[in-house]
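> dropping a prediction and its sequence here:
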Amino acid sequence: MSSNCLTTLILDFDGVVVESLPLKTAAFKKIFSFAPPKHLDEIIAFHLENGGMSRYDKFRHIYANILHEELTPEQEERLAGEYVGLIFESMLTVPYVRGAEELLRDCSRRLPLYIVSATPEGEMQEIVRRRDLTKYFVRIYGSPKTKAECIREILAETGASPEEALFVGDAPNDWQAAYETGVRFVARIPPGDPNRFAGRPGVEGIVENLHELREYLRGNICSSRSRTL
């Protein structure tokens, strides 16, 4: 664990606050069900390896590098619309990661919390609002900004140094954003999932759930800073 005192906590949403990865994987299978089986397997593998990437970037990669077809703006919007239609209502009720509610309730009293997600920002804010979680967060960030851009905004807003901020994510793209911005990083890996962070520098901890994260943070949080929003 870092010896630096923590003043800002940044959380990914999918796979960190809620167990939404199976829902979103099923939705990817559905919207690309027209693809030949060998391509569909590759599409799902790409989706799983690139959690934390925006759905639009995934669509563009899949068409350019797996299907080898042009993706028109109209096709992109149709895919996005079909995808959100498959997941949105379920995102309002998908289970929390174990310990998430307790961590949000406890830590939000002690330091500013932020969400940084690859979900489109308006959609992410609506999901958080309808799950009655807005009260825990200073701000909800989403795409099209990159996660690194969002983290830099948070550091500027809070005045925290990178060593005073911790990002908790479940995907290598989350680690990459932490690495680029210099903030601390803890990985959440669900039981039975592969460790996609092996060999990556700067991963200071791995947790299975947010009970473990809460315990990890115990004694590591500075006295509450003034909120800036």
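Happy to help now that I have it. Numbers count the residues shown, from 1 in each chain.
> what's the burial count for A156?
The burial metric for A156, expressed as a neighbour count using other Cβ atoms under 10 Å, is 10. Every C-beta, even on glycine, is put in place using the N, C-alpha and C of the backbone.
> over to K30?
12.
> same question, the one 3 residues further on
Residues within reach of S33, counting by other Cβ under 10 Å, total 8.
> what about it, which SS state?
Using DSSP: H, G, I helix; E, B strand; the rest coil, the three-state assignment for S33 comes out as coil.
> could you measure from it over to I66?
Using Cβ to Cβ, to the nearest Å, one obtains 14 Å as the distance from S33 to I66.
> next one: L92
Using Cβ to Cβ, we find L92 at a distance of 31 Å from I66.
> pick out whichever of these two has more residues nearby.
The neighbour comparison of L92 against I66 (other Cβ under 10 Å) goes to I66, with 18 against 12.
> what bridges to I206?
As for beta bridges, I206 partners with A187 under DSSP bridges.
> what sits up against the helix of greatest length in the chain?
Looking across the chain with DSSP state H, the single longest helix is helix 73-91. Contacts to helix 73-91, defined as Cβ atoms under 8 Å, 6 or more residues apart in numbering, come from residues 18, 20, 23-24, 26-28, 30-31, 55-56, 59-60, 63, 123, 127.
> swap in stretch 169-184?
Taking Cβ under 8 Å, 6+ apart as the criterion, the residues outside stretch 169-184 that touch it are 2, 4, 6, 10, 12, 14-16, 21, 49-53, 116, 118, 146-148, 150-152, 155, 162-163, 165-167, 185, 187-190, 196-197, 200-204.
> shaky segments in the chain?
Low-confidence segments of the chain (pLDDT under 70): 1-3, 223-229.
> swap the cut-off to 50 and go again
225-229 (pLDDT under 50).
> the top strand by length along the chain: what's the following helix or strand?
Counting by DSSP state E, the longest strand found in the chain is strand 113-120. On the C-terminal side of strand 113-120, the nearest following helix or strand under DSSP states H and E is helix 121-130.
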